[in-house]
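Asker: sequence? don't have it. structure:
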């Protein structure tokens, strides 16, 4: 009897295979639960699948990194704007106390001369002195940006120094504590004028040629007097930290500690000494040059 050859062999039905795999799964779960035989198998499979899982999550990770980058950039720009605004606002407040006392002595307001305009350039400190005997800082603005020798450097607290050398895109400034550097100042409390000289020591100034009976006390604040048309009047300079009166000397020994310093902030203002203003930080009279305006 002839039979027709089978070209396709049929295996178990789908239902039989389903039941078989269900039973196999149950057996494997029972064995794994009671005997922990499949722990190493799972670890091996996990290690093998780890690169594939990372590859699957790669687009999400790249997207998160891109979002974090743009968010960080926005925050950095906003922080820079806030620092710049804080610097300007602090400068406006620096002269408030000095102007309050000065206004008590003004009698003819109608005869006051118009307020002069002053140019201010926002700069950053590139390097600070590591050598205690080198009281020079490097700024990121040079004569290409409008910086000139003799211009005054201030931060949001007060006077820092004065530019001594300019280069195309950088400049050097001597700190006011540099030995041989002098600033015309006055006592904020009573208006007495003097000259503050650098001692070559960090944050230390000395008031010269003040009589032994001078009305000055520890804690008095000294500000720029404006004499000489180099340092605008009313800028905070230092606080009197030591007063020594010796009857054998005609002058008192007075030491002051500077208020501002290069150890606090990177941003400073470069002020033009050519036009001494009555109100240095009047926002209507300041021309602030930042990086955006330089590009224009």
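Answerer: In hand now; what should we look at? Model, not experiment: these values are computed from the prediction.

Asker: so who does residue 254 touch?
Answerer: 206, 207, 210, 216, 240, 242, 243, 244 (CB atoms under 8 Å, 6 or more residues apart in numbering). Backbone N, C-alpha and C define where each C-beta goes, glycine included.

Asker: need the contact list for the third one.
Answerer: Same thing as residue 210. So residue 210 contacts 192, 194, 216, 251, 252, 254 (CB under 8 Å, 6+ apart).

Asker: try the last one
Answerer: Shown here is residue 244, whose contacts under the criterion CB under 8 Å, 6+ apart are 252, 253, 254.

Asker: for the chain, which helix is longest?
Answerer: Secondary structure of the chain per DSSP state H: the longest helix is helix 39-94.

Asker: ok so, going back, switch the contacts of residue 254 over to CSV; also include secondary structure.
Answerer: Output for these, formatted as CSV (DSSP: H, G, I helix; E, B strand; the rest coil):
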residue, secondary structure
206, strand
207, strand
210, coil
216, coil
240, strand
242, strand
243, strand
244, strand
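
Asker: returning to that earlier point: which among the contacts of residue 210 gets closest to residue 48?
Answerer: When the contacts of residue 210 are compared for distance to residue 48 (CB to CB), residue 254 wins out at 78.9 Å.

Asker: Is that closest one located within a strand, as I assumed?
Answerer: Yes - when three-state DSSP is applied, residue 254 is found to be in a strand.

Asker: residues in contact with the closest residue to residue 214 other than its chain neighbours?
Answerer: For residue 214, ignoring the flanking residues on the chain, the nearest one in space by CB to CB, 6 or more residues apart in numbering is residue 252 at 5.9 Å. Counting by CB under 8 Å, 6+ apart, residue 252 makes contact with 210, 211, 212, 214, 216, 243, 244, 245, 246.

Asker: and stretch 188-199, what's its mean pLDDT?
Answerer: Mean pLDDT, computed over stretch 188-199, is 91.

Asker: Only the buried residues of it, if you could.
Answerer: 188, 189, 192, 194, 195, 196, 197, 198, 199 (16 or more other CB atoms under 10 Å).
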